[in-house]
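Trainee: Coordinates for the following, if possible.
(chains A, B, C and D)
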Amino acid sequence: MAGSILVRASSDGTATTVQSLIHHPMDSGFIKDASGALIPAHYIEVVQFAHAGTVVLTAFWGPAVSKDPFTKFSFQGGKSGDALTVSWVDNLGNKDSLSTTIS
Amino acid sequence: MRRLMVMTAMLSMLGTAAYADATKTSADAALKAADARAALADKAGAQWTSTVALLKDAHKAEAAGDFATAQSKAMKADAMAKLSITEAHEQASLWQASVIH
Amino acid sequence: MRRLLYAALGLALAVPAWAATRTNPAADLKAFQSYFHKKFPQVAPNDFVNGPYAMDASMRAQWNDIMQFPPFQFSIDNGKALFNAAFPDGHHYADCFANKGIGITQNYPQFDAKTGKIVTLELAINHCRAEHGQPPLDMSAGPMADIEAYMTSTSDGKIINVKIPNDPRALADYAAGEQYFYSRRGQLNFSCASCHVQGAGDHLRSDVLAPALGMTASFPIYRSTWGSTGTLVRRFIECNSQVRAVPSKPDSDAYSNLAYFLAYMNNGLPVAGPGERP
Amino acid sequence: MSNTEMTAEAEIGFVLSRRMGLTGAVAATLAAFFAPGFKAAHADGAMVMADAAAYPSAAFAQKTQDAAVKAMFNMTATASDQITLDAPDIAENGAVVPVSVSTALPGVTAIAILALGNPNTIAAAYQLPAGTKSAVSSRIKLAKTTDVVALVQAGGKLYSVSKNVKVTLGGCGG
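Mentor: Numbering: from 1, shown residues only, chains lettered A, B, ... in the order given. Model (predicted):
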């Protein structure tokens, strides 16, 4: 699942705004495929955003979060060039993480 | 055009008609006619998905030995294919009426 | 010799019997655009490329939210990687296109004077693949939509400029597209125009029917009902199915001609793709 | 509610306020000690990894608002006008409904989004460490027209606000 995370983090000097999009089907387990068989539930359970090693947001998701989930939040501090890490793990144990720098 | 819509509506009701006295021979004949008409509709680029679905059902019923259903669905498919061809023929000139001028 | 023949045919076109009665793209374009401008006086002309979002404030607000980080971004990124990857023979997609494929989608579809056929961007991409020994891509979604998303992103904002050369075959292709657009089909007896001209702006359940003007400017689109990015061909196939007509083949002349007609009707509008739709 | 009254369900689901900050700290420590590869890759410090063990699965399995709130927070919510729940009146598509929750309440530690008409009530829950602004935007699925509820845990108390979102089937809007 490499390359599943897109993230933009920008600092205005005092606070950092983070927007992220994660490529994931987020199958609810209630939808049938073309042949009528239920598509098994497959969704991200935990997402963590960390600024320079400190967690700034932990998200717990159920299957009701939309496909290719979007998240936006902001935190105090963070300056241009700081590291921002996003990592997720889904209900099947798949995981991915991405480290980027704040712009 | 309105005539076409009315006919389509009537057709939906016709679909429930049962052919209790259908035999393999009569069902086969109905299927053959419907297949041929559907091929014509295909050729005219005028096929309806509903015709295709009905034909598929008809063939399935035929294979299962349910000749009454096979015949009824084949006849409906045949009528729909006919309508779709009529639609295409009508539209060959009628389309110009809705062009923005 | 051929030139002479074309000149002769061109002359024939000038004869009112055929040309003036119907096929007059420039006049069609004017009538088409002014119809929508009159029907939706509140919509700024360039806003038509935003389809239903130009018609409904609440939808627009939700769209603005979504566009902060558009769901087609993955397609663009993937498409860029695909576009820049070399074929086994060392060539690239860029070698097949004017300006290396950057900022050119506003000029598609194009009329190919060699074959007399319309080449949509999807067909051009597959032609390029064939030239370099690669099998064609599915024209409706997946890698094709991704490559197109990337190419279109480099053309965002450029003014659509689809040309109909003075060639009877080009005019015939255009006319065939026009006929397809206005012809009713399927068990529901709907034409493209039923929904997107006469019905444009109306609600179908909660959805607002997009006006035909500007429609192709935002393709490829990420439709949340699809959950992925798809091409114009994918939408054609979907529309046909919705009126219960068996769709044409993705690479058919019918669809290329339809795309040609529709894109020509958008001349003068900016490219606004890739786009996002409900 | 006293500790002895805490149900097994609540313990499995865990109380967000108690675990606040702990998850990240534990994960960071683990990453630092057991995954030197990550550390090497990120000179600024340990890479924090999402921790599946922290997932409140019992809370997410609940089918009613009361049970879900109890499993997730082990407390009851009171309505508050201090929370802004930004969701459309009519969702253009039930599969993608933008929802934003923000509040001026001080000491916010968690925000949760509930969709009462969905098969499982909780859609998403967020832990907010100190320093993170009390505003989160997400996109959720709604199975049908329903009340969407935003919960905010602040200063050890739980507050809620709800909004009805209409959902109609999508069709031919492209």
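
Trainee: And the residue of chain A closest to chain B?
Mentor: Across chain A, the shortest distance to chain B (Cβ to the nearest Cβ) belongs to A:Ala34, at 14.6 Å. For the C-beta atoms, the positions are set from N, CA and C on the backbone; glycine is no exception.

Trainee: Low-confidence stretches in chain A?
Mentor: Chain A contains residues with pLDDT under 70 at A:1-2.

Trainee: Run through the strands of it in chain order.
Mentor: Using DSSP state E, the strands of chain A run over A:5-11, A:15-22, A:44-51, A:54-61, A:70-76, A:83-90, A:95-101.

Trainee: show me where the stretch 51-200 of chain C has strands.
Mentor: C:110-112, C:117-119 (DSSP state E, counting those that start in this stretch).

Trainee: can you put these in CSV and add mean pLDDT and mean neighbour count?
Mentor: CSV is the format used below for the strands of the stretch 51-200 of chain C (pLDDT from 0 to 100; neighbours: other Cβ atoms under 10 Å in any protein chain shown):
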stretch, mean pLDDT, mean neighbour count
strand C:110-112, 97, 19
strand C:117-119, 98, 22
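
Trainee: Would you reformat these as JSON lines and include distance to D:Ala67?
Mentor: As requested, the strands of the stretch 51-200 of chain C are exported to JSON lines (distance: least, Cβ to Cβ, whole Å):
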{"stretch": "strand C:110-112", "distance to D:Ala67": "61"}
{"stretch": "strand C:117-119", "distance to D:Ala67": "59"}
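
Trainee: what about these, which gets the closest to C:Phe32?
Mentor: Closest of the strands of the stretch 51-200 of chain C to C:Phe32 is strand C:117-119, at 18.4 Å (criterion: Cβ to Cβ).

Trainee: Show the secondary-structure elements that the closest one is packed against.
Mentor: Strand C:117-119 makes packing contacts with strand C:110-112, helix C:168-182, helix C:253-265 when contacts are defined by 3 or more Cβ pairs under 8 Å, 6 or more residues apart in numbering or on different chains; DSSP states H and E.

Trainee: Please convert those to JSON lines, extending it with distance to C:Ala145.
Mentor: Converted to JSON lines, the helices and strands packed on strand C:117-119 look like this (distance: least, Cβ to Cβ, whole Å):
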{"stretch": "strand C:110-112", "distance to C:Ala145": "20"}
{"stretch": "helix C:168-182", "distance to C:Ala145": "21"}
{"stretch": "helix C:253-265", "distance to C:Ala145": "15"}
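
Trainee: Nearest to C:Met67, out of these?
Mentor: Closest approach to C:Met67 among these (Cβ to Cβ): helix C:253-265, 23.0 Å.

Trainee: and residue 63, what does it touch?
Mentor: Answering for chain A, as no chain was given. Taking Cβ atoms under 8 Å, 6 or more residues apart in numbering or on different chains as the contact definition, A:Pro63 lies against A:26-30, A:41, A:43, D:120, D:141.

Trainee: Not quite, go with chain D.
Mentor: So D:Lys63 contacts D:119-121 (Cβ under 8 Å, 6+ apart).

Trainee: List only those of these flagged as buried.
Mentor: Buried by 16 or more other Cβ atoms under 10 Å in any protein chain shown: D:120-121, out of the contacts of D:Lys63.

Trainee: Format the contacts of D:Lys63 as a markdown table; extra columns: pLDDT, secondary structure and distance to chain A.
Mentor: Formatted as a markdown table, the contacts of D:Lys63 follow (pLDDT from 0 to 100; DSSP: H, G, I helix; E, B strand; the rest coil; distance: Cβ to the nearest Cβ, whole Å):
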| residue | pLDDT | secondary structure | distance to chain A |
| --- | --- | --- | --- |
| D:Pro119 | 91 | coil | 6 |
| D:Asn120 | 92 | coil | 6 |
| D:Thr121 | 94 | coil | 9 |
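
Trainee: Quick one: find the helix or strand in chain B with the lowest mean pLDDT.
Mentor: Every helix and strand of chain B was ranked by mean pLDDT, DSSP states H and E. The lowest is helix B:2-14, at a mean of 54.

Trainee: and the next element down the chain from that one?
Mentor: Moving toward the C-terminus from helix B:2-14, the next helix or strand (DSSP states H and E) is helix B:24-43.

Trainee: Next one: the residue lying farthest from the centre of chain A relative to chain D, how far apart?
Mentor: Here the centre of chain A is the reference, and by Cα atoms, centre = their mean the most remote residue is A:Ser35, at 30.8 Å. With distances taken as Cβ to the nearest Cβ, to the nearest Å, A:Ser35 is found 21 Å from chain D.

Trainee: repeat for C:Gly275
Mentor: C:Gly275 sits 9 Å away from chain D, going by Cβ to the nearest Cβ.

Trainee: Report pLDDT for that residue.
Mentor: C:Gly275 carries a pLDDT value of 95.

Trainee: Which residues of chain B lie near chain C?
Mentor: Contact residues, chain B versus chain C (Cβ under 8 Å from any Cβ of the partner chain): B:1, B:4-5, B:8, B:42, B:45-52, B:80, B:84, B:87-88, B:91-92, B:94-96, B:98-101.

Trainee: Great, nothing more from me.
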